[in-house]
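> prediction below, plus the sequence it came from.
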Amino acid sequence: MRRDGRGRGAGAAAAVAFVCALGVPAVPGPAYAAPGEPEPTPGGTGGGASGGGRLEKVRSEVDGLYRQAESATDAYNLAREKQTRQEKSIVRIARAVVKAQQEMAGLRERAGALARAQYRGGGLPPEARVLLGDDPGDVLDGFTLARKGEKAARGLMNRLERTQAALDRYAESASEEWERLDRSRAKKAAARAEITEKLARARRLESRLEAKERDRMRQLQEERDRASQAKWLKTGILRDVGGRSSSVGRRAIDFATAQIGKSYVWGAVGPDAYDCSGLTQRAWASAGRAIPRTSQEQWRLLPKVDTARMRPGDLVIYFKDASHVGMYVGDGAIVHAPRPGRPITLAGAGSMPILGVVRPDGS
């Protein structure tokens, strides 16, 4: 058996590969429907179609609600990231405005001093005062000084105009950033409301089940995960996937697997809890690579590689909306933060529908 990665990540991956080869799910995760599943009995103990159908319906609805909440979490994370950037931009603009206002005050003071000096000279321009002088040498020197004074005055007025124009631009930019900030805040609030509502509905549905029904529903989820992983493995994918992780990839794996057992919390980026993309972002940050915050942005912006060419450390993006992500650790396994109520864990890489694979180090 290969040992891809290093340390805890490699050992865990090997263990999961052995489990997957036996057809047993490593951990529960989002569902991927498989045909021919056995129906549970009424009350969740196996047997009758009506009870099994009800549990399957609840399982499907609960899973759908968690999936919708995860998609909304991506929207929330993106809006929050944009809000942070916009707040920083507004602070930079404000500092630039203060600097420009200070410069403007100094320029106006100089312009005022120039005007007062002209007033004390009887209101005559420098050239006229020079021509009224008696000494020809003074006239020549005066012309030079007058030209310099005129040039300085023009320069002063030009700087005043440029500084005022800069202030006008800053005011316009600040206004635009405030509008963007308001939109980001609104999107963030809407996503938060959707997440809260979806999670509350899922918990209400689960709370109505007896303990044995909840256990059976978890079994249904595991059976679907197992079927999906088995189907993925039957494609022979692991015969082609055999790349070795890069040195930074190994560091990312070590970080991610060290978080196993910690809680999933939407919007969290550690150190005590994570959501799915928070885990992958922090793992790669620990390896010295900055990657986008959300799974959708990770899919959109990071270099894509063929699934058959993936190697440990790569990120596997799931579902058509790119709403979930896990880190491939080798031997057909990923480490990921599944959903609320489930800890960070290892899972079969094929236990969910794969959208594609991205490589944060791009090498």
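Ah, there it is.
> so where do the strands sit in the protein?
Using DSSP state E, the strands of the chain run over 263-264, 273-274, 304-305, 315-318, 324-330, 333-336, 345-348, 354-358.
> so which of those strands comes closest to Gly64?
Minimum separation from Gly64 across the strands of the chain (C-beta to C-beta) falls at strand 324-330, 13.4 Å. In short, each C-beta sits where N, CA and C put it, glycine included.
> angle of the closest one against strand 354-358?
On the basis of axes from the mean of the first three to the mean of the last three C-alpha atoms, to 10 degrees, strand 324-330 is oriented at 60 degrees to strand 354-358.
> packing partners of strand 324-330?
helix 8-21, helix 247-258, helix 276-286, helix 295-301, strand 315-318, strand 333-336 (3 or more C-beta pairs under 8 Å, 6 or more residues apart in numbering; DSSP states H and E).
> hmm, back to that, let me have the strands of the chain in CSV, extended by mean pLDDT and mean neighbour count.
Below are the strands of the chain laid out as CSV (pLDDT from 0 to 100; neighbours: other C-beta atoms under 10 Å):
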stretch, mean pLDDT, mean neighbour count
strand 263-264, 96, 19
strand 273-274, 97, 22
strand 304-305, 95, 15
strand 315-318, 98, 26
strand 324-330, 96, 30
strand 333-336, 97, 30
strand 345-348, 96, 24
strand 354-358, 96, 20
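> format those as a markdown table; extra columns: distance to Thr235.
Shown next, in a markdown table, are the strands of the chain (distance: least, C-beta to C-beta, whole Å):
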| stretch | distance to Thr235 |
| --- | --- |
| strand 263-264 | 29 |
| strand 273-274 | 30 |
| strand 304-305 | 17 |
| strand 315-318 | 15 |
| strand 324-330 | 16 |
| strand 333-336 | 16 |
| strand 345-348 | 13 |
| strand 354-358 | 11 |
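> give me the neighbour count for the closest residue in space to Arg214 that isn't next to it in sequence.
With C-beta to C-beta, 6 or more residues apart in numbering as the criterion, Arg214 has its nearest non-adjacent residue at 6.4 Å, and that residue is Glu206. Neighbours of Glu206 under the rule other C-beta atoms under 10 Å: 16.
> can you pull out the low-pLDDT segments for the stretch 101-250 of the chain?
Where the stretch 101-250 of the chain drops to pLDDT under 70, the residues are 114-153, 242.
> if we go to 50?
124, 127-132, 139-143, 145 (pLDDT under 50).
> what about the helices in it?
Ranges of helices in the stretch 101-250 of the chain, per DSSP state H, counting those that start in this stretch, are 126-131, 136-207, 211-234, 237-240, 247-258.
> which of those is buried the deepest?
Scoring those by mean neighbour count under mean count of other C-beta atoms under 10 Å gives helix 247-258 as the most buried, with a mean of 22.
> tell me what it is packed against?
Helices and strands touching helix 247-258, by 3+ C-beta pairs under 8 Å, 6+ apart, are helix 8-21, helix 276-286, strand 324-330, strand 333-336.
> can you give me the angle that helix makes with strand 324-330?
Put simply, helix 247-258 runs at 110 degrees to strand 324-330, going by the same axes, to 10 degrees.
> for helix 247-258, C-alpha coordinates in CSV please.
As requested, the backbone C-alpha atoms of helix 247-258 are provided in CSV (Å, rounded to 0.1, in the frame of the first residue of the first chain):
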residue,chain,number,x,y,z
SER,A,247,6.5,19.4,0.4
VAL,A,248,4.0,22.2,1.0
GLY,A,249,1.2,19.8,0.3
ARG,A,250,2.5,17.5,3.0
ARG,A,251,2.5,20.4,5.5
ALA,A,252,-1.1,21.2,4.5
ILE,A,253,-2.1,17.6,5.0
ASP,A,254,-0.4,17.4,8.4
PHE,A,255,-2.3,20.5,9.5
ALA,A,256,-5.7,19.3,8.2
THR,A,257,-5.4,15.8,9.7
ALA,A,258,-4.4,17.3,13.0
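> coming back round to it: the residue nearest to Arg214 contacts Glu61, doesn't it?
No. Using C-beta atoms under 8 Å as the test, Glu206 is too far from Glu61 to be in contact (10.1 Å).
> great, nothing more from me.
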